[in-house]
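next comes the sequence, and after it the predicted model I'd like to discuss.
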Amino acid sequence: MKITSKRLIWAVSLGLLALVVYALSIRGTEVEVALVSQGPMVQSVVTSGRIATDARTEVTSQSPALIERIDVREGDVVSAGQILVRLRDDEAQAALQQSDATVTEAHMRIRQIQTVQGPVSEQQRQQAEAANQQTQKELARTQNLLNQGFVSQSRLDDVQRAATASRAALLAAVAQAKANQPSGVEVALAQARLSQALAAQRLAAARLEQFSLRAPATATVMTRSADPGDTAQAGKSILTLVGDSEMRINASVDEKNLKFLQLGQTASATSDAYTDRRFAAQLNYIAPSVDAQRGTVELRLAVAPPVDYLRPDMTVSVEIITAQVPNALKLPSGAIRRDAEGNAFVLLSRDGRAHQVAIKIGLQGTGSTEVTQGLTAGEHVILPGPKVSAGDRVREQKS
């Protein structure tokens, strides 16, 4: 059969193609590999949250009043007892002055009883006693004279009436003197009036103090909702204060991570505002229930010691350390494959071919996984890429 030039060209092309395929099959598929390494391994749960604090206080007035002065602005740090807002207090000042005068009057009443009324009543008692003794003697003498016939019955009657009157005057003087003694009723009444006046004074002073709104503790002014000249309404916030002594992070994680979490675990966090500054936190609350709608679990982490540059409601990233191994065998998590039953395996690059090796895994870190069985340090694991099966020829990609 005569070979035409066209058939010859096709034959040569097919031969060259066959040679290329053969050469490629010998050379193998180019794959990217990762080295199985050994070193510290940290398993963590990463999430985000917000800075919160329990020491949030609303500064409010207890009654409507005109705001005369506000001495702070947002961002100011205030100390315990510092006056923040002054309200108009004319009526309260007048009420306190009136109560002060009442207290002074009550003190003077007690002093009057002790220095004037008491001694005078004692003198009056003594005088009444002397007068009573005299009238009693006069009554006895007149009775004698009547018996002897020297005076009339009408004279005796007059003396008897005088004696009865002097006896009554003595009893009254004795009662008055007793009432003015330190343990007497007049002193007791004066002391009671003083106690009432002092109570009214304390009430007026407390009422006046309500017009000077003070900081309950060291805190930072977060918001200011009014200005001088405004009318403060009862219970309506004028300032919002946040203390820095009890700082925490409110966060949540997917429920699948619940098995890794335990109270007391440490965490490392950064704020979105200061990404180059890390601070420590500790997991101290795990919600007892799961949010059914979002499938998440609420967490709280204490920030201790407090960090001065953090502010309430700041967004933070949190890495909770759940386990650590000081010298673990590890490889990139992406190199791990699963068979139909879910068993873990990897493809190793050995002697120019891919070898399937079953492995056991341990801790799972960020981007890397611990291997507890099946590999040794220094082996080359094939990363996902071109389709490669066990037994295929492979060549490692040069970096």
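Nice, I can see it.

who's in contact with residue 137?
With contact set as Cβ atoms under 8 Å, 6 or more residues apart in numbering, residue 137 has no partners. Every C-beta, even on glycine, is put in place using the N, C-alpha and C of the backbone.

same question, residue 109
190, 193, 194.

how about the helices in this structure?
5-27, 90-112, 118-148, 153-179, 185-209 (DSSP state H).

out of the ones you listed, nearest to residue 380?
helix 5-27 (17.2 Å; Cβ to Cβ).

before we move on, back to that, would you turn the helices of the chain into a markdown table with mean pLDDT?
Below are those laid out as a markdown table (pLDDT from 0 to 100):
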| stretch | mean pLDDT |
| --- | --- |
| helix 5-27 | 60 |
| helix 90-112 | 91 |
| helix 118-148 | 86 |
| helix 153-179 | 85 |
| helix 185-209 | 90 |
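
need these in a markdown table (columns: distance to residue 63).
Listed next are these as a markdown table, based on distance: least, Cβ to Cβ, whole Å:
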| stretch | distance to residue 63 |
| --- | --- |
| helix 5-27 | 91 |
| helix 90-112 | 10 |
| helix 118-148 | 45 |
| helix 153-179 | 43 |
| helix 185-209 | 9 |
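
so residue 71 is in contact with residue 59, correct?
No. Applying Cβ atoms under 8 Å as the test, residue 71 and residue 59 come out as separate, 11.6 Å apart.

picking up where we left off before, any chance of the contacts of residue 109 in TSV, with distance to residue 380 too?
Output for those, formatted as TSV (distance: Cβ to Cβ, whole Å):
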residue	distance to residue 380
190	103
193	100
194	97
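
about what we covered before: residue 398: which of the helices of the chain is closest?
Judged by Cβ to Cβ, the one of these that comes nearest to residue 398 is helix 5-27, at 13.3 Å.

so which of the contacts of residue 109 is surrounded by the most neighbours?
Counting neighbours by other Cβ atoms under 10 Å, residue 190 leads those with 21 neighbours.

what about residue 71 and residue 59, which has more around it?
Higher neighbour count among residue 71 and residue 59: residue 59, with 24 against 12, using other Cβ under 10 Å.

between residue 71 and residue 59, what contacts are shared?
Joint contacts of residue 71 and residue 59 (Cβ under 8 Å, 6+ apart) are 84, 85.

hang on, isn't residue 226 packed against residue 68?
No. Residue 226 is beyond contact range of residue 68, at 11.6 Å (criterion: Cβ under 8 Å).

more neighbours, those two?
residue 226 (18 against 13).

which residues does that one contact?
67, 70, 232, 238.

drop anything exposed from those.
67, 70, 232, 238 (16 or more other Cβ atoms under 10 Å).

identify the farthest-apart pair in those.
It's 70 and 232 that sit farthest apart of those, by Cβ to Cβ, at 10.1 Å.

mutual contacts of these two, please.
With Cβ under 8 Å, 6+ apart, residue 70 and residue 232 have common neighbours 85, 226, 238.

any idea how far residue 258 is from residue 289?
11 Å (Cβ to Cβ, to the nearest Å).

hang on, the earlier thing: and residue 53, which of the helices of the chain is closest to it?
Proximity to residue 53 (Cβ to Cβ) singles out helix 185-209 among the helices of the chain, at 26.8 Å.

what packs against the closest one?
In terms of contacts (3 or more Cβ pairs under 8 Å, 6 or more residues apart in numbering; DSSP states H and E), helix 185-209 is packed against helix 90-112.

what about 10 Å?
When contacts are defined as 3 or more Cβ pairs under 10 Å, 6 or more residues apart in numbering; DSSP states H and E, helix 185-209 packs onto helix 90-112, helix 118-148, helix 153-179.

among the helices of the chain, which is nearest residue 358?
Taking Cβ to Cβ as the criterion, residue 358 comes closest to helix 5-27 out of the helices of the chain, the separation being 27.3 Å.

just the pLDDT for the closest residue to residue 296 other than its chain neighbours.
Excluding its sequence neighbours, the residue lying closest to residue 296 (Cβ to Cβ, 6 or more residues apart in numbering) is residue 252, at 4.2 Å. Note on residue 252: pLDDT of 95.
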